[in-house]
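Undergrad: Output the structure for:
(chains A and B)
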Amino acid sequence: MTEPVTSTPTTQELISFRIDDQEFCLDVMSVREIRGWTLTTVLPNTPRYVRGVINLRGAVLPVLDLKDRLGLGQTDAQQRSVIIVVRSRDKLVGLLVDAVSDILTVETAMVQPTPKVGCETVSQFIRGIIAVEGRMISWIAIEDIVPGEQMDAAA
Amino acid sequence: MDPMDAIKATYFQECDELLGDLEQGLLALELGTGDSETVNAVFRAVHSVKGGAGAFGFEELVTFAHVFETALDDLRSGRRAAEPALIKTMLRAADVLADFVVAARNGTSPDEARGRSVAQELAMAEEPAAPIVERRTDEFGFAPVVVEFDLPALESTPSPWQVRLQPLSAMYAKGHDAILFLRELGRLGEAHTTLIDDELPPFDQLDPDKSYLRWEIELPADVDRVRIEEIFDFVGDDCLVSITQGAVEPATSTPAAIVEAVIVEAPSAPQQVPLVSVPLEQKADVAAAAAASPTIRVDLDRVDRMIDLVGELVINQAMIAQRVTESGIARSSAVAIGLEELEHLTREIQDSVMAIRAQPVRSVFQRMPRLVREISAATGKLVRLVTDGEATEVDKTVIERLSDPITHMLRNAIDHGLEGPDQRLQAGKPAEGVVRLAACHRSGRIVIEVSDDGKGIDRPRVRDIAIAKGLIAPEAQLTDEEADNLIFLPGFSTAAAVSNISGRGVGMDVVKRSIQALGGRIAISSKPGQGSTFTMSLPLTLAVLDGMVVSVAGQTYVAPLTAVLESLQPKPADIRRIGPQQAVLSIRGAHVPLIDVAVALGLRDHPIDPATGIVLLVESEIGGRAAMVVEAIHGQRQVVIKSLEANYRHVNGIAAATILGDGRVALILDVDTIIEHQAGKAEPMRFARAS
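TA: Down below sits the predicted model:
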């Protein structure tokens, strides 16, 4: 099995958040900003997990429902929901989550390969898991969360 | 950026322009419309490319440019006539030169074999009778470099270089120092330097601001001329420099093009003989530049930034206007009037800023003669390209996207449209086919036409192919226009159906789609035996758009105003159901299909009753007219186009996005796709019975 993480830095800062009772995290370096929920403009002919687009200081920013993308059902977007703006493959994308919980510093060695649970969503979107203080946090593979051009067929 | 890199970048920018001038000039000569000034312009272009290349040490480029320059010099001085064969060779040489420039820019090595063969052709075409003595009168004082050819017996007695250096006072005023040149020359080889101080006045008459001293430096013959020239590249007009290779016996059997020398008068009486040299950059260039209207070169990023900012300004202005209206301020109040003035001003600023980025399509058209030459050579068809309307201006964002479709249409016209010379003669046409590329402005759009005088579209064959590929039913009745437009259907052209020239794996459907993505349209008209015409129309800018703001399924959308013919509230009596599920709108005797936009976009399953909504009568290129049903119209407005692809990807039925006065994103409808999508939908749309 290939190492899920590159070996260059020994520690990694991660931003963690909760979706239902599961904890997930992202590399803090890919996060540009965190903003409150605003109503989106719905995009037609688009998968359901794309909640639409919002105006991010003059740029059109797509917002993905992370929970829906991970196959955990739709997020009930509320006032307290947040959009994490991340940069992935030169594009900015907003990820809708319920709340941000923590910033963690973990050692690269602490990242374990994703267990094979026989679920495609897990193997596709989770690049590794981290065990901290008895919690299990899934590290999300940002590049795979954001749909590429070739996924047009999903519309 | 490294300052050197910046200079280099400027050089390559200039190269692009120079190469364009070069090609234009040569084409004019080919047509016989050129005069001696054209020849001079062509010569200057090559000369300037060479000069810069020398400064940056692009050896291959210099070598080739030099051979080219020599041939052009012969043309200029009348030693050779502008025969069609020679001009054709020169056109090819221009292509090679362009390749060398590209190679130098990319740091790759150019196709030297091709360069050599063309260079040889240039040199060989030379008339052998030209006596060397005549060559002395090179007014530019430019003695070329030794060019290495694969020619046998390169026998010359190399004589040392004579470099004469006469700094003008202006040079010292700019902080240059002659000692630096002498030092640099000394580095090239063993230099014998002689100071000539015969102009030095007695001490009491000496003006300390004047330059009196001259130098003569002798350098070994094996020093590369370019390296000597390099040293003086940055002094420009401020220092008279001549570089000559000492007395060459005219008796040498060396081919004229290979080694030559400009012989300057022997320095027996230096004070009377003006230096034959001219400053490294010739005066003609300066004069030509001064004649043109003054321009500045601005980094495109800055202009783009400004356009973005003006876009924000427009959005902001719309936001304020909306807030003012919402707050119930009277339309006649000072605030509202001031706001209206602001709106005019904003619009004017926007127009002016857009005008900065507008460019003539010439830059794209200029690339096409070469393409035509290449296709013509590959197909064996004789082609003459006629261009028209090169001065038509369009936004830079559009210019960049014009090249590919035009390239494709030209390939198509030559490869599929024109017949071979024999066939043409049989059909009673001249052997040489004519392809016309024209641009013009028409109702706020730019229209590009590519027409040929070939055989026209072979409709029965097109029809057969379409039937064979299952694109149309065998019994389908098609008008001529419909049959012609079959070539745009996806899947019509495949690798097997197109040759490698038109092909490159891209069918006309892809061209059409890429044009539609720009908010453009393409159509073809054809007359059997007389040729076909592709007409492509594009918006003048991809930055702003006049749109109609509408509601669709509770969301705000913008319909491009160019597509909308009219808007109306349909009477229930005008809505006719046709077939089990479709409906048409009867409008002034004609019947157009009704399309519920929300259903077409997949926003709801069942259409609303058209009579409760508003209908936009739109026209698309292939689908003809259609009546799009929306819920309400909120007025017209100019919107700033924002790309969806920048952060997401293309969405079917949506052309782009924009930001409206309330700060929210609104999507711009892609009318053509919606109509086409609807027309081609397997499951037809159901309309609710008018109740």
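Undergrad: Now do stretch A:86-95: distance from first to last residue.
TA: Start-to-end span of stretch A:86-95 (Cα to Cα, to the nearest Å) is 8 Å.
Undergrad: Just the closest residue of chain B to chain A, please.
TA: Scanning chain B for proximity to chain A using Cβ to the nearest Cβ identifies B:Leu601 as nearest, at 3.5 Å. Yep, even glycine has a C-beta here, placed from its N, CA and C like the rest.
Undergrad: other SSEs contacting the helix or strand of chain A with the lowest mean pLDDT?
TA: Each helix and strand of chain A was given a mean pLDDT (mean pLDDT, DSSP states H and E); the minimum falls on helix A:120-125 at a mean of 79. Counting contacts by 3 or more Cβ pairs under 8 Å, 6 or more residues apart in numbering or on different chains; DSSP states H and E, helix A:120-125 is packed against helix A:142-145.
Undergrad: rerun at 10 Å
TA: Packing partners of helix A:120-125 (3 or more Cβ pairs under 10 Å, 6 or more residues apart in numbering or on different chains; DSSP states H and E): helix A:66-69, strand A:135-140, helix A:142-145.
Undergrad: what's the helix or strand for B:His650?
TA: Here B:His650, judged by DSSP states H and E, is contained in no helix and no strand.
Undergrad: so what's the backbone phi/psi at the residue in chain A that chain B sits nearest to?
TA: Proximity of chain A to chain B (Cβ to the nearest Cβ) peaks at A:Pro44, 3.5 Å away. Per-residue torsions, A:Pro44: phi -80, psi 170 (degrees, to the nearest 10).
Undergrad: residue contacts, it?
TA: Listed by Cβ atoms under 10 Å, 6 or more residues apart in numbering or on different chains, the contact set of A:Pro44 reads A:52, A:155, B:552-553, B:555, B:557, B:597-598, B:600-603, B:651-654, B:667, B:669, B:674.
Undergrad: Nearest residue to it in space, please, no chain neighbours.
TA: B:Leu601 (3.5 Å; Cβ to Cβ, 6 or more residues apart in numbering or on different chains).
Undergrad: ok, B:Ile457 touching B:Asp480?
TA: Yes: the criterion here is Cβ atoms under 10 Å, and B:Ile457 meets it with B:Asp480 at 8.9 Å.
Undergrad: Of the two, give the one with the bigger neighbour count.
TA: The neighbour count for B:Ile457 versus B:Asp480, taken as other Cβ atoms under 10 Å in any protein chain shown, is higher for B:Ile457 (23 against 13).
Undergrad: so after the lengthiest helix in chain B, what's the next helix or strand?
TA: Longest helix in chain B, counting residues (DSSP state H): helix B:3-31. As assigned by DSSP H and E, the chain's next helix or strand after helix B:3-31 is helix B:36-56.
Undergrad: Just the buried positions in that next one, please.
TA: Within helix B:36-56, the residues scored as buried using 16 or more other Cβ atoms under 10 Å in any protein chain shown are B:38-56.
Undergrad: do the same with stretch B:424-439
TA: For stretch B:424-439, the neighbour count (16+ other Cβ under 10 Å) marks B:424, B:429, B:433-439 as buried.
Undergrad: what is the rounded mean pLDDT of it?
TA: Taken as a whole, stretch B:424-439 carries a mean pLDDT of 90.
Undergrad: B:Val383 reaches B:Met368, doesn't it?
TA: No: between B:Val383 and B:Met368 there is no contact under Cβ under 10 Å: 11.0 Å.
Undergrad: overlap in contacts of these two?
TA: Shared contacts of B:Val383 and B:Met368, counting by Cβ under 10 Å, 6+ apart, come down to B:410, B:435.
Undergrad: Could you pick out the residues of chain A near chain B for me?
TA: Residues of chain A found near chain B (Cβ under 10 Å from any Cβ of the partner chain) are A:38-46, A:50, A:52-64, A:85, A:87-88, A:90-94, A:146-152, A:155.
Undergrad: If we use 6 Å, what do you get?
TA: Neighbours of chain B within chain A, by Cβ under 6 Å from any Cβ of the partner chain: A:41-45, A:53, A:55, A:58, A:60-62, A:91-92, A:149.
Undergrad: Please narrow those to those residing in strands.
TA: Counting by DSSP state E, the part of these found in strands is A:53, A:55, A:60-62, A:91-92.
Undergrad: For the stretch 551-691 of chain B, which residues score under the pLDDT cut-off?
TA: B:580-581, B:620-623, B:677-691 (pLDDT under 70).
Undergrad: So which residues on it come close to chain A?
TA: Residues of the stretch 551-691 of chain B that fall close to chain A, judged by Cβ under 6 Å from any Cβ: B:555, B:601-603, B:642, B:644, B:647-649, B:651-653, B:657, B:659, B:663, B:665.
Undergrad: List the contacts of B:Trp215.
TA: Residues in contact with B:Trp215 (Cβ atoms under 6 Å, 6 or more residues apart in numbering or on different chains) are B:165, B:193, B:195.
Undergrad: One more: B:Leu18?
TA: Shown in contact with B:Leu18 (Cβ under 6 Å, 6+ apart): B:45, B:48-49.
Undergrad: what does the model give the residue of chain A closest to chain B for pLDDT?
TA: We have a pLDDT of 89 for A:Pro44.
Undergrad: Could you report the separation of it from B:Thr673?
TA: Distance from A:Pro44 to B:Thr673, counting by Cβ to Cβ, to the nearest Å: 11 Å.
Undergrad: Check B:Gly470 too.
TA: 22 Å.
Undergrad: Who has more neighbours out of the two?
TA: Neighbours per residue (other Cβ under 10 Å) separate B:Gly470 from B:Thr673, with B:Thr673 holding more: 21 against 9.
Undergrad: mind checking the end-to-end distance for stretch B:543-562?
TA: 15 Å.
Undergrad: Name the residues of that stretch that come out as buried.
TA: B:543-545, B:547-553, B:555-560, B:562.
Undergrad: what's around residue 31, how many residues?
TA: Picked chain A for this. 19.
Undergrad: looking at chain B here, not the other one
TA: Residues within reach of B:Leu31, counting by other Cβ under 10 Å, total 11.
Undergrad: ditto for B:Gly663
TA: Look at B:Gly663: counted by other Cβ under 10 Å, it has 14 neighbours.
Undergrad: Grab the nearest non-local neighbour of it.
TA: Once flanking residues are discounted, B:Gly663 sits nearest to A:Asn55: 5.7 Å by Cβ to Cβ, 6+ apart.
Undergrad: sec struct for the closest residue in space to B:Ile446 that isn't next to it in sequence, please.
TA: Closest residue in space to B:Ile446, ignoring its immediate chain neighbours: B:Val394 at 4.7 Å, by Cβ to Cβ, 6+ apart. Put simply, B:Val394 is strand when judged by DSSP: H, G, I helix; E, B strand; the rest coil.
Undergrad: shaky segments in the chain?
TA: No chain was given, so I picked chain A. The low-confidence ranges in chain A, as defined by pLDDT under 70, are A:1-9, A:148-155.
Undergrad: that's the wrong chain, I meant chain B
TA: Counting by pLDDT under 70, the ranges of chain B that qualify are B:1-3, B:125-158, B:234, B:236, B:246-293, B:491, B:493-506, B:580-581, B:620-623, B:677-691.
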